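Chemist: I need the structure of the sequence given here:
(5 chains, ligands or ions: 4)
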Amino acid sequence: AEPLVLWGPPAAPSIVLAQAVASGALKEVAPDVTFKVWKTPDEMRAGISAGTFRAVVVPTYVASNLYNRGLGVRLLNVLTDGLLFVVAPSGTVKDIAGLRGRKVAVPFRNDMPDFIFRRMLASAGLAASDIDVDYSGTPAEAVQLLLTGRADAAFLTEPLASAAILRAATAGRTLERAIDAQEVWRKITGRQAIPQAGLAITDKLAADIGGGGIAALQTALEGALGSVLKDPATAAAVAAPALELPAPVIERAIPFSSLVVRRASAARADLAALFDALAEADPRIIGGKQPDDGFFAL
Amino acid sequence: MTVSSPFEGPRVGEARRAMPAWLRAGARACVAATVWLGRYVWAGWVGLAGLFCLAAGWQAGHEFYGSFILPAPLETVTVLFGLFEGPELAQAASETAWRSLGGFLLAAGLGTLAGSVAGYSFAAMRIMRPIVTVILGVPPIAWIVLALIWFGSGGGSAVLTVVLASFPISFAGALEGAATRDRALDAMARSFGASLPTRFRTVTLPHLLSYLFPAWTTTAGNAWKVTVMAELLSNTGGIGGQLATARALFDIPLVTAWILLVVAFALITEYGMLNPLREMTERWRSAGLPWGVKR
Amino acid sequence: MTVSSPFEGPRVGEARRAMPAWLRAGARACVAATVWLGRYVWAGWVGLAGLFCLAAGWQAGHEFYGSFILPAPLETVTVLFGLFEGPELAQAASETAWRSLGGFLLAAGLGTLAGSVAGYSFAAMRIMRPIVTVILGVPPIAWIVLALIWFGSGGGSAVLTVVLASFPISFAGALEGAATRDRALDAMARSFGASLPTRFRTVTLPHLLSYLFPAWTTTAGNAWKVTVMAELLSNTGGIGGQLATARALFDIPLVTAWILLVVAFALITEYGMLNPLREMTERWRSAGLPWGVKR
Amino acid sequence: MTEQKAMKLALDKVGHAWLGRTVFEDFDLVLGEGEVVALAGPSGCGKTTILQIAAGLVEPLRGRVRRHYRRHAVVFQEPRLLPWLTARDNIAYGLKVAGRGRAERGAVAEARALDVGLDRDDLDKYPVELSGGMRQRAAVARALAVEPDVMFFDEPFTAVDVGLRRALQDLVIAAARRARFSALFVTHDLAEAVRVAHRLIVLSGVDGRIVDQRAIAGEPGRRDNRTVFDIVEGWSADPVFAELFDADRRGRA
Amino acid sequence: MTEQKAMKLALDKVGHAWLGRTVFEDFDLVLGEGEVVALAGPSGCGKTTILQIAAGLVEPLRGRVRRHYRRHAVVFQEPRLLPWLTARDNIAYGLKVAGRGRAERGAVAEARALDVGLDRDDLDKYPVELSGGMRQRAAVARALAVEPDVMFFDEPFTAVDVGLRRALQDLVIAAARRARFSALFVTHDLAEAVRVAHRLIVLSGVDGRIVDQRAIAGEPGRRDNRTVFDIVEGWSADPVFAELFDADRRGRA
Ligand SMILES: Nc1ncnc2c1ncn2[C@@H]1O[C@H](COP(=O)(O)OP(=O)(O)OP(=O)(O)O)[C@@H](O)[C@H]1O
Ligand SMILES: Nc1ncnc2c1ncn2[C@@H]1O[C@H](COP(=O)(O)OP(=O)(O)OP(=O)(O)O)[C@@H](O)[C@H]1O
Ligand SMILES: [Mg+2]
Ligand SMILES: [Mg+2]
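Modeler: Ligands and ions are numbered 1, 2, ... in the order given. Down below sits the predicted model:
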């Protein structure tokens, strides 16, 4: 069999992949398995089109979008139940309603976090005009604005939130995860999780490694999850070089990242709820419709 | 300059004599404009040939890579026409247009001004050139936060990006043009007691224009692109914002349609605005060429 | 051109007579080079003054916005010197350097070539100009995926970005320069039976250079910036990759240190490479000025 | 005819060097009202430099220039027409600089163009489309158009044919008499100097000194061809002009 | 002296028009070996155009040009020096184009420069640093340096003084005799034409036709000043030259 590269963004779900690769548990799937980071959607698009990306961690709605476009991509599992937080200086913000009149940096306009954020606002009875949403810039700029007090809060993903909090500490300021989006989500929708990201595989890989290989992959990841949650410090040290993030940041992020390794079919209801919510804002984000059965690789 | 038009038979001449002078002049100007426009558009055919070559390459790329990487030209154009029906296009386009126009005017204006000053004065040149190199060499991420702080999520940061990216081009052109002015002609103008501004206008400027036009055309073409990229990266609306959304949706034909629009704007700026201006001011250059100046 | 050096007393002259000719020529060239270098560096002081003005502004900005938005110059320089100890700098810098050098050479070479051809031939100009406008006007996101597919995550996509961004600048300059060549001088060269290449080299090129230098200096300064931004966006290592990592860590002084390095490279390219070249080829321009040509 | 008239222009002990190489030193010149002074000398002796210093285009290294007039005009050794203006606009350039109205400029330019033998057709041509002599004439017309008090001519009629040359010389003489303008007239053609000037200054090619300075008998424009030729032929024997007439006797550095 | 010699250059029924305006038509010229033909005519009559057609720089609209020689050289009406080369390199330009070695170029350039009265100091100057006459002389030296078989002179000595002019005329005569080169010599100075040429062609300013074509008595270089003057003075009464001598009688369009 060919060597296999697992691709993931420099975000929390990739920790599990890095751990799985390092532990050697993927020997059964392919003789030579490595982990690499993708950073831009263009890279991912190019990789999937060119066939070099065969197993890649992507946001679940992206997997649905690609699947619905007929690109031969299916979701294997869900790797996180949500890692979105509103970060604000300690004690300033308690809940969504507390954001009223404040300036919040949301660096993902018209993307999933933005839709979830708007949904949260709506559920708290806040109109768009009640708070000052600053969409400008990338997460890096959002944190810079937050740390210098030019924004009152920022809507961030892990491990960015942890990094920001750690960075603020060295500057003598205290930030906290003021609002856990997962909790709010639970209240609004009644669903337990925001199945944000998962491992997607191409049909070509599925054909190459077969059903047994897929199962072995899932098992290896489940095992890796166990060791990550048991010993975050070691896992962080393992993942740090590949993610190009300092180990302490990763270690701090692990407990807040709701890491899971759930089969896609097992998370189907949560996924459907999330996709519905997104499609309400813009159906095109999931590729126009709920993905059908073929979407769930396992 | 007199216009000799092919429609000007002796009869017409007689009929004209009966018209009042302003009407005659107006008619004459009309004919001149029509003739000029005809010639301009005619010359455009060759340019279109070049563009269609590009389109053919695009189609070939599409056939090889498929719609997810490179949508077909026809598909893209269809999507683009679809856009014309919605309200986003007008809004996004006008937002981007104002930003790139503002950026272009500021960049071209400041660059030309500073470059001309530096071209006249060696001391100014020595001080300014390294500064301009630094401005040119600093990647936008260095000051994008500052721009966001100063201008918020309005268009200011996009305009600033355009200015900083394009200003050095006009500066370098104007500097070189002013430095290579013909000093013999300058002395001639001085002998008639022409003041520095007059000399600049009548002696240096016409020479300078040949340095400014390449700088301006690159600046103008660039301005659209840079504005869109800045909007995209700083999430500040306009066509760049639309592009970002389309990208988040992986709607590649839509992405390509927006890009096609940007390119169309760049072409319009160059061939609708800058090129006619150049043709007007640089007509004298075709004097002495075998086909001469069309009078 | 003879060199009159201040160190050249009659005694030295006598001593020289004893030296073999090649040694004498060598010594003479050495003295000439030293004198020239001295003058060049001396002129550089003024430029440094300009740079220090910029640094002062930077410091002021730092004091107003704090380290997290704009680190102090001193802090940045300290971090930069710290970088010199690690291995990343050498590796990242050499990666980026090769890419931007390659991009610059390709862009300047192709642009100059295509521009000159277009400047000589009207038909070529009419076909090529719209194509170049399109190349200039297409935002990089349009083809970055294609570039990634073609070149993978090597430097190819960064090089392509530089070429596409910079090529039109050289093209426009060369086109205008070749089109405005002095046809009277060209006829003179033709009267001596000079072939087209000879005429290009001896009559058009020296004139063209004054159009190419502004284009080349902007291209060179731009090349560094564009390479770094392309590396950042396409995640292909180099200084851009280091910048991305530093940004992800919110290590703003490190980010600024890398940017400072890029700017330093841009300055070195301009003042260490292009400017001496220009001084050499454009010396004749100072003939007839009050201070004349230093022989 | 010289000293009793009001002084228009004076050069006092003027000296100049180009990049350290002295061209001439201690050059004195007084130009009276209505006076035409011809300046002759071998090629490269510094005539153009003196003229440019007198016209204020070159700062002299030593000495002083005094001017007592409102307006001057210069005809340069090369035409120095602006390539982007038609002959008409080039001729009107001085008037434009002086702020005259458009209509007046056009009328004056046309009149001066006719004076120097350009026709109306030629006025719409750009300099590259003109013949060498036409360019030179346009430059002369441009200078005449501003009606100056002092004119500086630097070999103005070298590129025109004999007949036109005489006509232009007569034009200058007539204009000088009518408008009472003074002129410094650089020429290497002694016959031309004798025809138009009151006084002749001859420079040396060796050190730029004044070799000789002499009033010319008679009135400008009143001397006929034979007289002019005889004067010049007479001079050719004079050792003062040896340098000018005999290229081989010239000192070579 | 004309027809029995080998033909070097022939213009057959050549005509030209600039942008539709006819300058001349049916112009015929045969240039024999070692023959110097002077071309005179009022300013703007088409002399430069004919010369450029003969030299192959302008395509004639009508007619044919035949050439039977290896190399020619042109002295243009303006010096046309390359501003980025020193006088030395400018003079050597033709040799460089011909592919001669560096050392040879330097030696030949220096020799020709001395011939036209430039000194070694001037050779390191750039064109802007030269006086008007020096530039013209450098252009003449550049043309002489390539040792052409046919020379085209377009008013080559207008900017030099009498003495140097005679010396240069003698140089051309001597070179023509020694190297047996033929020359087409455009000039508006009849005395110069008489001094250097075997034959004179006079063009009309009205329609560019050949007004007259006449052999000049005696040999070039053997005619003394008085003879030359007498010939020219004699011509001035001839109606053929009326146009050339009298600007007022010229037809104005
Ligand atoms: N490139 C050109 N384009 C248009 N017209 C031209 C061009 N060159 C010359 N002419 C016209 O052709 C005519 C003849 O010009 P030409 O230069 O041959 O005259 P010439 O006899 O050399 O005069 P001169 O003694 O003044 O040099 C003039 O009317 C001139 O305006
Ligand atoms: N800008 C300059 N820089 C350096 N040297 C110069 C400059 N202008 C003139 N010279 C030198 O000064 C000397 C005198 O030049 P000038 O032009 O005054 O001579 P001229 O008498 O007008 O000669 P001509 O009759 O040939 O026009 C020459 O040796 C020339 O090389
Ligand atoms: Mg002179
Ligand atoms: Mg001529």
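
Chemist: every contact and neighbour count from this point should use C-alpha atoms.
Modeler: Fine.

Chemist: got the domain ranges for chain D?
Modeler: In the assignment given by automatic domain parsing, the structural domains of chain D cover D:1-23+D:30-71+D:157-253, D:83-147.

Chemist: compare the mean pLDDT across the ones you listed and name the weakest.
Modeler: When the domains of chain D are compared on average pLDDT, domain D:1-23+D:30-71+D:157-253 comes out lowest at a mean of 83.

Chemist: near chain B at all, that one?
Modeler: Yes - Domain D:1-23+D:30-71+D:157-253 lies within reach of chain B by C-alpha under 8 Å from any C-alpha of the partner chain, at D:55-57.

Chemist: residue contacts, residue 160?
Modeler: No chain was given, so I picked chain A. By C-alpha atoms under 8 Å, 6 or more residues apart in numbering or on different chains, the contact list for residue A:160 reads A:139, C:248.

Chemist: let me rephrase: I mean chain D.
Modeler: D:133, D:136, E:42-43, E:188.

Chemist: what is the mean pLDDT for stretch A:128-137?
Modeler: In this model, stretch A:128-137 has an average pLDDT of 80.

Chemist: same question for stretch A:268-286.
Modeler: Average pLDDT, stretch A:268-286: 84.

Chemist: how about stretch A:68-83?
Modeler: Summarised as a single mean, pLDDT over stretch A:68-83 is 85.

Chemist: can you list the buried residues in that stretch?
Modeler: Of the residues in stretch A:68-83, A:68-69, A:72-83 count as buried by neighbour count, 16 or more other C-alpha atoms under 10 Å in any protein chain shown.

Chemist: restrict those to contacts with chain D.
Modeler: Checking the buried residues of stretch A:68-83 against chain D (C-alpha under 8 Å from any C-alpha), there are no matches.

Chemist: what segments of chain B are helices?
Modeler: Taking DSSP state H to define them, one finds helices in chain B at B:10-18, B:21-65, B:73-85, B:88-120, B:122-137, B:144-151, B:156-179, B:183-191, B:196-199, B:205-234, B:238-248, B:252-268, B:275-281.

Chemist: any chance of the ones you listed in JSON lines, with mean pLDDT, distance to chain A and mean neighbour count too?
Modeler: As requested, those are exported to JSON lines (pLDDT from 0 to 100; distance: least, C-alpha to the nearest C-alpha, whole Å; neighbours: other C-alpha atoms under 10 Å in any protein chain shown):
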{"stretch": "helix B:10-18", "mean pLDDT": "44", "distance to chain A": "63", "mean neighbour count": "11"}
{"stretch": "helix B:21-65", "mean pLDDT": "79", "distance to chain A": "8", "mean neighbour count": "14"}
{"stretch": "helix B:73-85", "mean pLDDT": "88", "distance to chain A": "15", "mean neighbour count": "15"}
{"stretch": "helix B:88-120", "mean pLDDT": "91", "distance to chain A": "14", "mean neighbour count": "21"}
{"stretch": "helix B:122-137", "mean pLDDT": "87", "distance to chain A": "21", "mean neighbour count": "21"}
{"stretch": "helix B:144-151", "mean pLDDT": "81", "distance to chain A": "6", "mean neighbour count": "19"}
{"stretch": "helix B:156-179", "mean pLDDT": "90", "distance to chain A": "10", "mean neighbour count": "28"}
{"stretch": "helix B:183-191", "mean pLDDT": "92", "distance to chain A": "50", "mean neighbour count": "20"}
{"stretch": "helix B:196-199", "mean pLDDT": "92", "distance to chain A": "44", "mean neighbour count": "14"}
{"stretch": "helix B:205-234", "mean pLDDT": "88", "distance to chain A": "4", "mean neighbour count": "26"}
{"stretch": "helix B:238-248", "mean pLDDT": "85", "distance to chain A": "6", "mean neighbour count": "25"}
{"stretch": "helix B:252-268", "mean pLDDT": "89", "distance to chain A": "10", "mean neighbour count": "22"}
{"stretch": "helix B:275-281", "mean pLDDT": "85", "distance to chain A": "36", "mean neighbour count": "13"}
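
Chemist: stretch D:202-213 close to ligand 3?
Modeler: No - with C-alpha under 5 Å from the ion as the measure, stretch D:202-213 is seen stopping short of ligand 3, the closest distance being 12.3 Å.

Chemist: I'd guessed residue B:223 sits against residue B:160; true?
Modeler: No - Residue B:223 is not in contact with residue B:160 according to C-alpha atoms under 8 Å; the separation is 10.8 Å.

Chemist: name the residues contacting each of these two.
Modeler: Common neighbours of residue B:223 and residue B:160 (C-alpha under 8 Å, 6+ apart) are residue B:103.

Chemist: before we move on, the earlier item: of all the buried residues of stretch A:68-83, which comes closest to chain D?
Modeler: Nearest to chain D out of the buried residues of stretch A:68-83 is residue A:69 (C-alpha to the nearest C-alpha; 60.5 Å).

Chemist: phi, psi for that closest one please.
Modeler: Here the main-chain torsion angles of residue A:69 (degrees, to the nearest 10) amount to phi -80, psi 0.

Chemist: same question for the one 10 residues further on.
Modeler: Main-chain torsions, residue A:79, degrees, to the nearest 10: phi -110, psi -10.

Chemist: roughly how far does the nearest residue to residue A:222 once chain neighbours are set aside sit from ligand 4?
Modeler: The shortest distance from residue A:222 to any residue that is not its chain neighbour, by C-alpha to C-alpha, 6 or more residues apart in numbering or on different chains, is 5.6 Å, and that residue is residue A:261. Residue A:261 sits at a distance of 92 Å from ligand 4 (criterion: C-alpha to the ion, to the nearest Å).

Chemist: ok, residue A:140 next?
Modeler: Separation of residue A:140 from ligand 4 (C-alpha to the ion): 71 Å.

Chemist: how many neighbours does that residue have?
Modeler: Residue A:140 is flanked by 20 other residues according to other C-alpha atoms under 10 Å in any protein chain shown.

Chemist: ok so, going back, which one of the residues of domain D:1-23+D:30-71+D:157-253 next to chain B has the most neighbours?
Modeler: In terms of neighbours by other C-alpha under 10 Å, these top out with residue D:55 at 22 neighbours.

Chemist: contact partners for it?
Modeler: The neighbours of residue D:55, taking C-alpha under 8 Å, 6+ apart as the test, are B:191, D:72, D:74, D:152.

Chemist: which residues touch the closest residue to residue A:291 other than its chain neighbours?
Modeler: With sequence-adjacent residues excluded and distances taken as C-alpha to C-alpha, 6+ apart, residue A:291 is closest to residue A:64, at 6.0 Å. The contact partners of residue A:64, by C-alpha under 8 Å, 6+ apart, come to A:74-75, A:286-287, A:290-291, A:295.

Chemist: apart from its neighbours in sequence, what residue is nearest the residue nearest the centre of chain B?
Modeler: Closest residue to the average C-alpha location of chain B: residue B:220 at 3.7 Å, with C-alpha atoms, centre = their mean. Leaving aside its sequence neighbours, residue B:220 sits nearest to residue B:104 (C-alpha to C-alpha, 6+ apart; 6.1 Å).

Chemist: kindly report the same for residue B:245.
Modeler: With sequence-adjacent residues excluded and distances taken as C-alpha to C-alpha, 6+ apart, residue B:245 is closest to residue A:110, at 5.9 Å.

Chemist: how far does stretch D:37-50 sit from its chain's centre?
Modeler: Centroid separation between stretch D:37-50 and its chain, computed with C-alpha atoms, centre = their mean, to the nearest Å, is 10 Å.

Chemist: hmm, it touching chain C?
Modeler: No - Stretch D:37-50 is not in contact with chain C by C-alpha under 8 Å from any C-alpha; minimum separation 12.6 Å.

Chemist: could you dump that stretch to PDB, C-alpha only?
Modeler: What follows is the C-alpha trace of stretch D:37-50 in PDB, where atoms were taken according to Å, rounded to 0.1, in the frame of the first residue of the first chain:
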ATOM      1  CA  VAL D  37      28.000  93.800 -31.800                       C
ATOM      2  CA  ALA D  38      29.300  90.800 -33.700                       C
ATOM      3  CA  LEU D  39      31.400  88.300 -31.800                       C
ATOM      4  CA  ALA D  40      33.700  86.100 -34.000                       C
ATOM      5  CA  GLY D  41      36.300  83.600 -33.200                       C
ATOM      6  CA  PRO D  42      37.400  80.100 -34.000                       C
ATOM      7  CA  SER D  43      35.100  77.200 -33.100                       C
ATOM      8  CA  GLY D  44      35.300  76.200 -29.500                       C
ATOM      9  CA  CYS D  45      36.800  79.500 -28.300                       C
ATOM     10  CA  GLY D  46      33.900  80.400 -26.000                       C
ATOM     11  CA  LYS D  47      31.500  82.500 -28.000                       C
ATOM     12  CA  THR D  48      28.500  80.500 -26.900                       C
ATOM     13  CA  THR D  49      29.600  80.500 -23.300                       C
ATOM     14  CA  ILE D  50      29.900  84.300 -23.400                       C
END
